[in-house]
Structures are given as C-alpha cells and as structure tokens.
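> Build me a structure from this.
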Amino acid sequence: MSDNVVTLEVSDYVAVATLNRPPVNAINAEMRHRLIEIFDEATDRPDIRVVVLTGQGKIFSAGADLKQRPDAGKAGTYWHHNRITRETGNAIKECAKPVIAAVNGAALGAGFGLMASCDIMMASETAVFGMPEIDVGLAGGAAMLNQFFSRSFTRRLMFTGDRLPASELYRLGIIDSVWAPDALLPAALAMAARIASKSPMGIKLAKTSCTLVELMPPKDGYRFEQNFTYELSKTEDAKEARTAQLEKRKPVFKGR
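Here you go, the predicted model:
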C-alpha cells in the first residue's frame, strides 16, 4: 500500500490528511485502507490532537473509483468491499481526536460520505455536494443523508443525483462555514489550532460524548455526560484549567 494516496503531515499537534489521487481523488481500496490506517494511528499518537481532512487540487473527492468495482460473481468479494467502505467512515467517526473536513471542491457520493463522517465541516465557495449513484447504476447514501436533510430533501438527492452548492448546505445549517478557496485551509487550520490548545482528555471525552448521546434520549444522554464531567474533574488537566483561569494565563495541559 502506498502512503502517497493520502498524505499525512503533522505540526503543532495538528495533522493534515490530504486525499491525493489526481485528478479527482477517486476513492479506491488503497485509499480506503490508508484512511483507516491514518485515523486509527491518530487515536494513539500523542503528537496529534486534531486532524484536518482535505483534498489536493480543486476537488475534494468525486466519489468511489468506478474502475475498481467488485465482482459480484466472485463469492465474498462484494461483501468485503462493502465492509471496507463502511469502515472507512467508521474510522473517522471513531477516531478519538476531532476531525475537521476542509472541503476544497466537489464532494460527491463516497466523497460526500467522507465529509459527513467528520466532526466539523468547512467548505470552499466552489464546493458542490451530491449523491450521483442513481446515474451510475448504484444505490446507497440514504442512511448518511437522513442525518442532515429532511425526508423530502433526502429523497430528492437520492432520486435525482442533484448537486447542491456549499452556500445551500450552509443555509440549511449542515456545514459550519463557507470560505474563499485560498482562505479555506488557513481557516480550518486556525480552528484546529484552537481545539488543539484545549485539554486533550477533555476533547477526547467531548467527542465521545457528542457521538454517543446521539443514540440516547435526552434524559439518558445528560446523565451519561455527567459521568464524563465527574471523571474529568479529577484529572490534572482539569486542575490546571481552573488554576490558569484564576491566574489569567494560558493553561499548560499534559493529557493526564
């Protein structure tokens, strides 16, 4: 497997993972395995506190590589492909570190799914989003779209393959912000730096909390979060945060 299909650069606790399959960053098996490797690795690396996911060139990802479809006639091949496809998004969702999508251009099909797996989604003014599966003899994406869109809008996107501009996703409250193309990555890195300056333990528990309370009724979710607050309150980082606040200085977190 080549590390070049998704490159990884780390500086000041911020990792930048860049999809790197010109010309359109089509997602193949090699890229999926590399993404899983990167986000599993990020969970364990103390020098990574936040990951920014973006694409090289002017396209985030045009979706799955249609030249690498599995052979449904060969036993087990399609199911293995489907499993790796699911796990690519799961690796991002389950990464203990926050992941910021910096969507620098079109995010279609599986590319849209990659963005949707991230914690914070920022996009270029040139970005467009869609699920064109219906136009290439495929189906899928409703489970992801249902998280963000109304019943009617989900069906529209599934049935038509329509593409929506970043401005429309921002209007609907789906993405965090929209930027000029050359301002997008600096804005994402600035957001990542702000998050990286927080307590690593606090951020880890905050991400876990955000992920799991989605599956719970509000009453149970609130009680679940209180357990995290209790555990966090006993850490050295929590004591440092309180002391720094009183002393009006920047905290120095040690991740314990």
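
> what mean pLDDT does stretch 71-89 have?
Per-residue pLDDT values over stretch 71-89 give a mean of 82.

> And that stretch, how far out from the chain middle?
Between the centre of stretch 71-89 and the centre of its host chain there is 22 Å, according to CA atoms, centre = their mean, to the nearest Å.

> Could you do stretch 192-206 as well?
In terms of CA atoms, centre = their mean, the centre of stretch 192-206 is found 16 Å from the chain centre.

> Repeat that for stretch 111-122.
On the basis of CA atoms, centre = their mean, stretch 111-122 sits 4 Å off its chain's mean C-alpha point.

> ok, now stretch 45-54?
From the chain centre to the centre of stretch 45-54 is a distance of 11 Å (CA atoms, centre = their mean).

> likewise stretch 236-256?
Taking the mean of its C-alpha atoms, stretch 236-256 sits 29 Å from the chain's own mean (CA atoms, centre = their mean).

> Repeat that for stretch 108-116.
Between the centre of stretch 108-116 and the centre of its host chain there is 9 Å, according to CA atoms, centre = their mean.

> Which strands or helices does the helix or strand where residue 231 lies pack on?
Here residue 231 is covered by helix 218-233, with elements defined by DSSP states H and E. Counting contacts by 3 or more CB pairs under 8 Å, 6 or more residues apart in numbering; DSSP states H and E, helix 218-233 packs against helix 200-213. Where you see a C-beta, it was placed from the backbone N, CA and C, and this is true even at glycine.

> Enumerate the positions of the helix it packs on that are buried.
For helix 200-213, the neighbour count (16 or more other CB atoms under 10 Å) marks 200, 201, 202, 203, 204, 205, 206, 207, 209, 213 as buried.

> relative to helix 218-233, how tilted is that helix?
170 degrees (axes from the mean of the first three to the mean of the last three CA atoms, to 10 degrees).

> What are the contacting residues of helix 200-213?
Helix 200-213 is contacted from outside by 46, 49, 93-94, 96-98, 119, 195, 221, 224-225, 228, 231-232, 235, 237-238, 241, 253, 255-256, using CB atoms under 8 Å, 6 or more residues apart in numbering.

> That helix: how far from the chain's middle?
Its chain's C-alpha centre and that of helix 200-213 lie 15 Å apart, by CA atoms, centre = their mean.

> Same question for stretch 134-143: list its buried residues.
Applying 16+ other CB under 10 Å to stretch 134-143 flags 140, 141 as buried.
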